[in-house]
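Q: need a structure here:
(one chain, ligands or ions: 1)
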Amino acid sequence: MNMCNINENESSSHAASQRASRDTEEKAALRENMARIAHKIIVMSGKGGVGKSTVAVNLAVSLASKGLKTGLLDIDIHGPSVPKLLGLDTGQAIGTRDGKMTPVEYGEHLKVISIGFMLQDRDDAVIWRGPLKYTVIKEFLTEVDWGDLDYLVIDSPPGTGDEPLSICQLIENADGAVVVTTPQDVALIDVRKSVSFCKQLNMQIVGVIENMSGFTCPHCGKETDIFKSGGGKKMAEEMGVPYLGNIPIDRRIVAGGDSGTPFHADRNGGAIPAHETFSSIVETIIKGAAK
Ligand code: ADP
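A: Residues are numbered from 1 along each chain as shown. Down below sits the predicted model:
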């Protein structure tokens, strides 16, 4: 072996040991930041458009309204809806303090982070491959000054791709996943995959929510199951996972989303049936977390 080879071997083993010690430091920093958060809940769905972000936002707002210190992390990198749903899409930006990112505050008890706060223009598209998404999600968990929280609610994009995989791998002690579906077969086929994904990754299922379940006509009061109903509950039973409840279709939920007023926080128009069902879902989640 000549001297050149010896030097090359030495420098590559030095680089490997530097990488290993950086990895160890990063893991320790992630653990330290996450150890300050009592409960972590990942909101998932099989398909887009089933109301996953609506559930994540309203869950976070509802927990915060009870005085629980709450964080909401939007890792839907290609379609971040959280800023819009909270009315925070008007130029709010993530700050920095002592070398850490500071979340955008929503009311007294809720801290929010979304890739949406980092885009120059809301029409900008994020075009990233898996490893970059993993790195950004890791930074959101490690380098955000979440402080001490009771709950961190994570809004994950639909499906079983890079983002849900990253979050499940990065968070060691999550309470589990809340899985949102609508009742029709087309949605249920995909959400079963989300449940299997969690099982394969040993991620607990906090429970399934059937959204857009039934519609009561505001004019004649007649009930119509636009997307059918009961499919989410049946799927949960078949797959042996808890069922949390259903949320009916209500045009006030759409209006609340578009105006940045989460339906569960806004009672100006009087209570709507979805308030009651959602309250009981949140209570079940809190009770489950306390066990
Ligand atoms: P996802 O995160 O699954 O893509 P969103 O939460 O962004 O879905 O919701 C998609 C649209 O459906 C939004 O306009 C939202 O306001 C609306 N929506 C969600 N849940 C309901 C519901 N129960 N009734 C009526 N509209 C709803």
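Q: For Leu170, list the residues it contacts.
A: Leu30, Tyr134, Ile137, Lys138, Leu141 (C-beta atoms under 8 Å, 6 or more residues apart in numbering). In short, each C-beta sits where N, CA and C put it, glycine included.
Q: how about a cut-off of 6 Å?
A: Lys138, Leu141 (C-beta atoms under 6 Å, 6 or more residues apart in numbering).
Q: Span of stretch 196-214 from start to end?
A: For stretch 196-214, the separation between the terminal residues is 26 Å (C-alpha to C-alpha, to the nearest Å).
Q: So which bits of it are buried?
A: By neighbour count on 16 or more other C-beta atoms under 10 Å, the buried set for stretch 196-214 is 197-198, 203-214.
Q: Then stretch 213-221?
A: Ser213, Gly214, Phe215.
Q: Quickly find the element holding the nearest residue to Ala174 once chain neighbours are set aside.
A: Spatial nearest neighbour of Ala174, chain neighbours left out: Lys40 (4.4 Å); criterion: C-beta to C-beta, 6 or more residues apart in numbering. Per DSSP states H and E, Lys40 falls inside strand 37-45.
Q: Ok, Tyr151 next?
A: Using DSSP H and E, Tyr151 falls in strand 149-155.
Q: And that strand, what does it pack against?
A: Using 3 or more C-beta pairs under 6 Å, 6 or more residues apart in numbering; DSSP states H and E as the contact test, the elements touching strand 149-155 are strand 37-45, helix 52-65, strand 70-74.
Q: Reformat these as TSV; add mean pLDDT and distance to the ligand.
A: Below are the helices and strands packed on strand 149-155 laid out as TSV (pLDDT from 0 to 100; distance: least, C-beta to the nearest ligand atom, whole Å):
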stretch	mean pLDDT	distance to the ligand
strand 37-45	98	5
helix 52-65	98	3
strand 70-74	98	10
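Q: Let me have those in JSON lines, extended by mean neighbour count.
A: Listed next are those as JSON lines, based on neighbours: other C-beta atoms under 10 Å:
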{"stretch": "strand 37-45", "mean neighbour count": "23"}
{"stretch": "helix 52-65", "mean neighbour count": "26"}
{"stretch": "strand 70-74", "mean neighbour count": "26"}
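Q: any idea how far the spatially closest residue to Arg36 that is not a sequence neighbour is from the ligand?
A: What sits nearest to Arg36 in space, not counting adjacent residues and going by C-beta to C-beta, 6+ apart, is Asp148, at 4.9 Å. Counting by C-beta to the nearest ligand atom, to the nearest Å, the gap from Asp148 to the ligand is 28 Å.
Q: can you give me phi and psi for Gly207?
A: Main-chain dihedrals, Gly207, degrees, to the nearest 10: phi 160, psi 170.
Q: For it, name its beta-bridge partners.
A: Val178 (DSSP bridges).
Q: how far away is the closest residue to Glu223 other than its chain neighbours from Glu8?
A: In space, Glu223 comes closest to Thr216 once its chain neighbours are excluded; the distance is 5.2 Å by C-beta to C-beta, 6+ apart. Remark: distance between Thr216 and Glu8 (C-beta to C-beta, to the nearest Å) = 73 Å.
Q: same deal with Val180?
A: Distance from Val180 to Glu8, by C-beta to C-beta: 53 Å.
Q: Next, the buried residues of the helix or strand containing Phe140.
A: Element membership for Phe140, per DSSP H and E: helix 130-142. Of the residues in helix 130-142, Lys133, Tyr134, Val136, Ile137, Lys138, Phe140, Leu141, Thr142 count as buried by neighbour count, 16+ other C-beta under 10 Å.
Q: and the residues you listed as CSV, adding distance to Gly240 and pLDDT?
A: Formatted as CSV, those follow (distance: C-beta to C-beta, whole Å; pLDDT from 0 to 100):
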residue, distance to Gly240, pLDDT
Lys133, 31, 94
Tyr134, 30, 95
Val136, 34, 95
Ile137, 29, 97
Lys138, 32, 97
Phe140, 32, 97
Leu141, 30, 98
Thr142, 34, 97
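Q: Looking at the buried residues of stretch 213-221, which are in strands?
A: Ser213, Gly214, Phe215 (DSSP state E).
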